[in-house]
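Asks: when you get a sec, could you give me coordinates for this:
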Amino acid sequence: MMTLAMWSRRTNTLALSRNGEFSPFMRYIRIDKPSLKVEVVGRKNAKDKKGVFVPVKADSSGSALTDVLHNVVYFDVLYPLVEKAHRKREVHVSHRLVEPDPWLVALAAIMWEGLVQGLTWDAIKMLLLAALGRLREKRIAPQRSSISKAKLQKRTSRTEVGFSWTKYSIDGRPLYQFFLGVKRRFRKSSAEERATLTTATSIPRKTRNS
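Replies: Model prediction:
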């Protein structure tokens, strides 16, 4: 039998879940904008003006159509990077990329906020590596063992099936290329977009006249 207190707690939990503030099945990667340090939390505080929240989902498919930061990373950063690599190799192929995992979207947010603060790549890289270490501890980012396995498979195979973003979790050229993609998108942005993109809640729709 459900008591009044139990019913009250259940009702409050459902209300918070509908508002996107809490879900027993949802966690968030929170990035502190001043320090750019990351932590994993179980609740999104709408009043937190210093935090960037990236939802951690078991299946993030479709997030790029509803989440602003995810949308920018997917369509404005990753697609151009892959297409540029194909042009270099003179590969002409139509493809649909797998959506980026939450940990990669979080790295993009750190890059973006680092650019807002005027940090250098070296400073941003140190913050990214610290964030990756923290997210690996929480089993959100790829573990080093899987990275080594992926590198071994690449060396022993002539072809690479599909797309994997694991390479961006390695300290090296791929991560720097990803940063350059974020930086190109940053330079195209207005001052208002630079200040608000990582915390924006809606994707602006273009009209026919725009």
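Asks: now the helices for the chain?
Replies: Taking DSSP state H to define them, one finds helices in the chain at 4-18, 68-71, 79-88, 102-116, 121-137, 144-156, 173-187, 191-196.
Asks: per-stretch mean pLDDT over those, give me the minimum one.
Replies: In terms of mean pLDDT, the lowest-scoring of those is helix 4-18 (a mean of 40).
Asks: excluding covalently adjacent residues, which one is nearest to A131?
Replies: Counting by CB to CB, 6 or more residues apart in numbering, V38 is the residue found nearest to A131 once chain neighbours are left out, at 4.5 Å. Every C-beta, even on glycine, is put in place using the N, C-alpha and C of the backbone.
Asks: OK, contacts around the residue nearest to L115 when sequence neighbours are not counted?
Replies: Counting by CB to CB, 6+ apart, F186 is the residue found nearest to L115 once chain neighbours are left out, at 4.9 Å. Taking CB atoms under 8 Å, 6 or more residues apart in numbering, we find F186 in contact with W112, L115, R194.
Asks: from T166, how far out is F186?
Replies: 24 Å (CB to CB, to the nearest Å).
Asks: also E113?
Replies: 23 Å.
Asks: cool, R187 as well?
Replies: 27 Å.
Asks: looking at the two, which one has more neighbours?
Replies: Higher neighbour count among R187 and T166: T166, with 16 against 9, using other CB atoms under 10 Å.
Asks: out of the contacts of F186, which are buried?
Replies: W112, L115 (16 or more other CB atoms under 10 Å).
Asks: CSV for the contacts of F186, including distance to A46?
Replies: Listed next are the contacts of F186 as CSV, based on distance: CB to CB, whole Å:
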residue, distance to A46
W112, 21
L115, 25
R194, 22
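Asks: just curious, which of the contacts of F186 is nearest to Y79?
Replies: Checking the contacts of F186 against Y79 with CB to CB, the nearest one is W112 at 17.2 Å.
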